[in-house]
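J.: Here is my input; please provide its structure:
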Amino acid sequence: MNKIMFVSAGMILTLLTGVLAWQHLGAAEPTTVPAPPRTPNMNANYQTATFAAGCFWGVQTMLDKVPGVVSTKVGYTGGQTKSPSYEQVCTDNTGHAEAVEVIYDPRKVSYPELLDAFWSLHDPTTLNRQGPDHGTQYRSAIFVHDAEQQKQAEASLAEVAKSGVFQHKIVTAIVPAGPFYSAEEYHQRYFAKAGQTESCHIGVAKVHTQLAAAAAAARQAAATQPAATPLSGATCKPDDVNAACGTTPWQALTDAELRAKLTPEQYQVARQAGTERAFTGKYWNEHRAGVYHCAVCDQPLFRSSTKFDSGTGWPSFWEPLDKKAVIEISDSSHGMTRTEVRCSRCQSHLGHVFNDGPKPTGLRYCMNSAVLNLVLEETPAKSATK
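T.: This next block holds a predicted model:
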């Protein structure tokens with residue numbers, strides 16, 4: 001049995017120096033009184049995630065600490081043997097990995113945030129090994145349950161690999177989730193049953209991806225955003241339920257639908273927080289009267305009467321049409337601290353806001369033309385002359 005834990009007072013010195021100290025433990029059943037299990041109320045909003053990152057005792061203990069995780073279960077998945085025992089998995093012949101199935105509340109934690117926790121709790125660069133535990137059952141893997149999880153897992157892996165937070169190549173596999181076989185009862189919440197508050201898992205780096213930060217911001221904004229509230233000042237009739245008037249919630253599109261709807265530049269700006277080149281957008285030098293709408297969901301965002309020439313080469317406004325039209329999020333990307341601006345309905349990236357604008361607000365909402373559509377004011381018909 002290759003189960004492991006930290007021991008002795010030397011653990012403190014080991015933690016301070018960042019060196020992993022391990023000692024083998026047998027998999028004997030704990031003799032202490034078991035802690036009560038976390039029993040979730042299986043709300044229809046809950047979602048499932050599955051991760052493998054070495055000894056599942058430690059992985060479960062770490063994931064249990066993530067706010068928004070409702071329950072966890074250790075088990076075996078990814079192999080060909082049906083309903084395997086722990087002894088069978090340890091032979092390295094079943095193809096299964098020791099894994100943890102996570103039930104989480106997406107209103108409290110997003111999947112990208114769970115991925116950050118996953119990267120942080122183990123070393124994803126060691127193939128079929130965590131510390132002295134070795135074998136395919138200890139491999140690093142993300143078992144995705146749908147296409148959206150796969151897309152987010154791949155994006156997270158790419159961002160982490162590019163960041164250089166790990167010195168060696170990441171070997172984590174991203175594979176479709178298959179049958180999950182619950183492990184024997186004595187494995188469930190092993191450390192809690194043994195009266196231990198800590199686990200044998202210590203990651204080699206703390207991971208904080210921009211993907212997770214954006215997901216957290218969107219989740220928090222959605223929690224505070226009132227639904228079906230018309231924007232004050234929008235050119236809509238009281239009984240108008242057209243989405244362009246801000247009176248109906250945004251019906252989210254799939255990634256494929258968004259790519260079909262938007263140009264490549266619009267998609268890159270709106271969904272990947274890109275920036276168009278200065279002085280190239282269609283509205284940087286636009287002076288006609290009208291209302292600028294979100295190019296993704298058509299929500300009214302800015303009036304032309306608040307637009308000014310900032311000299312930057314991007315359309316700039318000193319205030320939005322309504323405070324509810326946009327949300328503002330702290331952005332620390334590219335080595336800078338800025339305030340990102342997004343459409344409040346569809347969460348599309350619009351640009352940034354700065355404190356160097358004109359009166360009366362002193363603000364400069366620096367937007368990308370690519371994600372704006374100008375709806376011109378109708379010109380009154382001229383009276384006929386004799």
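
J.: For the closest residue to residue 266 other than its chain neighbours, which three-state class applies?
T.: In space, and not counting its chain neighbours, residue 266 is closest to residue 370: 4.9 Å by C-beta to C-beta, 6 or more residues apart in numbering. Heads up, the C-betas are built off the backbone N, CA and C, glycines and all. For residue 370, the secondary-structure state derived from DSSP: H, G, I helix; E, B strand; the rest coil is helix.

J.: so where does residue 302 fall, helix or strand?
T.: Assigned by DSSP states H and E, residue 302 belongs to strand 300-303.

J.: quick one: residue 208 is in a strand?
T.: No - according to three-state DSSP, residue 208 belongs to no strand; its state is coil.

J.: ok, now how distant is it from residue 156?
T.: 11 Å (C-beta to C-beta, to the nearest Å).

J.: which residues do those two both contact?
T.: Common contact partners of residue 208 and residue 156 (C-beta atoms under 8 Å, 6 or more residues apart in numbering): residue 116.

J.: Pick out whichever of those two has more residues nearby.
T.: Shown here are residue 208 and residue 156; by other C-beta atoms under 10 Å, residue 156 has more neighbours (27 against 16).

J.: thought that one was touching residue 209?
T.: Yes - Residue 156 is within contact range of residue 209, at 5.7 Å (criterion: C-beta atoms under 8 Å).

J.: Need the overlap of contacts for the two.
T.: Both residue 156 and residue 209 are contacted by 112, 115, 116, 119, under the criterion C-beta under 8 Å, 6+ apart.

J.: Next, the last one: secondary structure please.
T.: Think residue 119. helix.

J.: Excluding chain neighbours, what is closest to it?
T.: Nearest non-adjacent residue to residue 119 (C-beta to C-beta, 6+ apart): residue 207, at 3.9 Å.

J.: Quick one: residues contacting the one you found.
T.: Residue 207 sits in contact with 116, 119, 120, 160, 163, 165, where contact means C-beta under 8 Å, 6+ apart.

J.: who wins for neighbours among these?
T.: Most crowded among the contacts of residue 207, counting by other C-beta under 10 Å, is residue 119 at 29 neighbours.

J.: and stretch 71-82, what's its mean pLDDT?
T.: With pLDDT averaged residue by residue, stretch 71-82 scores 95.

J.: Need the distance between the two termini of that stretch.
T.: 24 Å (C-alpha to C-alpha, to the nearest Å).

J.: Repeat that for stretch 174-182.
T.: First residue to last in stretch 174-182 (C-alpha to C-alpha) measures 21 Å.
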